[in-house]
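J.: Here is a sequence together with a model predicted from it:
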Amino acid sequence: MAMGWFKREWLTFIQHTLNRLTLWMARHGAGPFALIRTTGRKSGRTYETPLVLARVPEGFVAELTYGPEVNWYRNVVAANRATVVWKGREFEVVGIEPIETSAGLRAFGPARSWLLKLLRRREFRLLRESTSEPGSRTGGGEASASS
């Protein structure tokens with residue numbers, strides 16, 4: 001499904017304005033923001049995108065605010081992996097899958113789910129966390145200084 005020109009322009013505007021602040025906040029564990037680090041499916045470059053995620057036992061829940069056409073999502077789907085930096089810690093994501101709207105809303109808790117319902121958000125994805133051996137970098141490592 002092709003993205004409309006307005007949506008594309010809006011995302012470009014956000015990328016060059018609001019994302020700078022939210023990237024800083026996500027890197028420093030400030031506010032509600034997490035960071036998702038992906039590898040470009042065409043370029044092979046590393047990209048960092050700020051998101052609001054909900055922590056669940058299996059990993060993280062993301063709400064697809066701008067739909068499934070956004071690059072961070074398409075990169076995770078293509079690679080079936082990513083890194084989430086949440087509250088200053090790195091977590092390896094080893095899969096992504098749709099989850100029901102009701103489960104996605106529950107993951108965000110009462111206040112945020114109320115807002116998501118009001119905004120008619122219905123697309124949620126589970127970012128499945130790696131279950132590597134204890135003591136590995138997954139889930140317990142600190143974010144690197146370059147992030």
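T.: Sure thing, it's come through.
J.: okay, CA-based contacts and neighbour counts for the rest of this
T.: OK.
J.: which stretch of helix or strand covers residue 60?
T.: Secondary structure assignment for residue 60, by DSSP states H and E: strand 59-63.
J.: Relative to residue 20, how far out is residue 64?
T.: Counting by Cα to Cα, to the nearest Å, the separation of residue 64 from residue 20 is 20 Å.
J.: For these two, indicate the residue with more neighbours.
T.: Higher neighbour count among residue 64 and residue 20: residue 64, with 16 against 13, using other Cα atoms under 10 Å.
J.: Please enumerate the strands of this structure.
T.: Under the criterion DSSP state E, strands of the chain are mapped to 33-39, 46-56, 59-63, 82-86, 89-99, 124-129.
J.: To residue 74, which of those lies closest?
T.: Closest to residue 74 of those is strand 33-39 (Cα to Cα; 9.5 Å).
J.: residue contacts, residue 55?
T.: Counting by Cα atoms under 8 Å, 6 or more residues apart in numbering, residue 55 makes contact with 61, 107.
J.: Any idea what it is bridged to?
T.: Under DSSP bridges, the beta-bridge partners of residue 55 are residue 60.
J.: how close does it sit to residue 114?
T.: Residue 55 sits 17 Å away from residue 114, going by Cα to Cα.
J.: go on, residue 36?
T.: Per Cα to Cα, residue 36 is found 24 Å from residue 114.
J.: Sounds good, over and out.
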